[in-house]
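Visitor: any chance you can model this:
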Amino acid sequence: MGSRSRQRGFNFLWAIAAVAIMAIYLGRIGTIWTTEVRRENEHDLLVVGNAIRQAIKAYVDVDKDKRFPTRLHDLLSDPRVPYVRRFLRQAYVDPMTSGDWELIRGPHGELFGVYSRADGVPLKQDGFDDEYANFAHQQSYADWKFAHYPGGGGNVQR
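Guide: Next comes the predicted model:
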């Protein structure tokens with residue numbers, strides 16, 4: 001009877017060890033998966049933010065007075081012309097928050113650009129295109145500003 005009791009205890013210890021190893025393994029998978037999702041969202045933030053910045057630039061460039069839009073919707077349907085003219089195909093949400101963008105406004109309410117409201121330090125810290133070199137080593141997604149400023153300035157305010 002004693003050996004059977006010891007064997008049950010030994011099997012119980014093996015079961016506990018197996019559960020602990022599985023918990024550690026699943027925790028690592030969860031961390032890897034979360035990091036991968038953040039990387040994908042960061043990539044989408046760069047793509048969509050750039051599309052909005054380019055749309056603002058195109059909006060300004062086609063206007064002889066170089067007027068800026070006053071809202072993001074103006075990039076979907078230009079209110080300055082009597083026909084449909086689009087600079088963006090759709091209204092993009094912030095990929096990091098799945099919500100609204102924070103807007104970069106000029107002194108008269110004109111729309112210069114957007115940035116994310118997301119918390120956290122970006123995973124990507126270098127390797128940006130020249131146009132976004134100022135994104136390197138930023139400590140917040142809010143520091144990634146996608147803007148076109150008067151005078152043709154890209155992401156660096158003039």
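Visitor: residues in contact with R71?
Guide: Contacts for R71 were tallied using C-beta atoms under 8 Å, 6 or more residues apart in numbering; they are L111. Placement of C-beta: from N, CA and C, glycine included.
Visitor: to clarify, my last question referred to R85.
Guide: By C-beta under 8 Å, 6+ apart, the contact list for R85 reads V62, S77, D78.
Visitor: what does the residue positioned nearest the centre of the chain show for phi and psi?
Guide: Nearest to the mean C-alpha position of the chain, counting by C-alpha atoms, centre = their mean, stands L45 at 3.1 Å. Here the main-chain torsion angles of L45 (degrees, to the nearest 10) amount to phi -60, psi -40.
Visitor: what do you get for L103?
Guide: The phi and psi values for L103, taken as degrees, to the nearest 10, are phi -100, psi 140.
Visitor: swap in the one 5 residues further on?
Guide: The phi and psi values for H108, taken as degrees, to the nearest 10, are phi -110, psi 20.
Visitor: tell me the spacing between it and P82.
Guide: When distances are taken as C-beta to C-beta, to the nearest Å, H108 and P82 turn out to be 24 Å apart.
Visitor: same deal with V47?
Guide: Applying C-beta to C-beta, one obtains 32 Å for the distance of V47 from P82.
Visitor: between the two, who's got more neighbours?
Guide: In this comparison of V47 against P82, neighbours counted by other C-beta atoms under 10 Å, the higher total goes to V47 at 11 against 7.
Visitor: picking up where we left off before, what subset of the contacts of R85 is buried?
Guide: Among the contacts of R85, those classed as buried by 16 or more other C-beta atoms under 10 Å are D78.
Visitor: same list (the contacts of R85) but as a markdown table, adding pLDDT and secondary structure.
Guide: Compiled in a markdown table, the contacts of R85 are given as follows (pLDDT from 0 to 100; DSSP: H, G, I helix; E, B strand; the rest coil):
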| residue | pLDDT | secondary structure |
| --- | --- | --- |
| V62 | 95 | coil |
| S77 | 95 | coil |
| D78 | 94 | coil |
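Visitor: ok, the contacts of R85 vs V93, which is closest?
Guide: Nearest to V93 among those is S77, at 18.0 Å by C-beta to C-beta.
Visitor: count of residues packed around the closest residue to that closest one other than its chain neighbours?
Guide: Once flanking residues are discounted, S77 sits nearest to V84: 6.2 Å by C-beta to C-beta, 6 or more residues apart in numbering. Using other C-beta under 10 Å, V84 is surrounded by 8 other residues.
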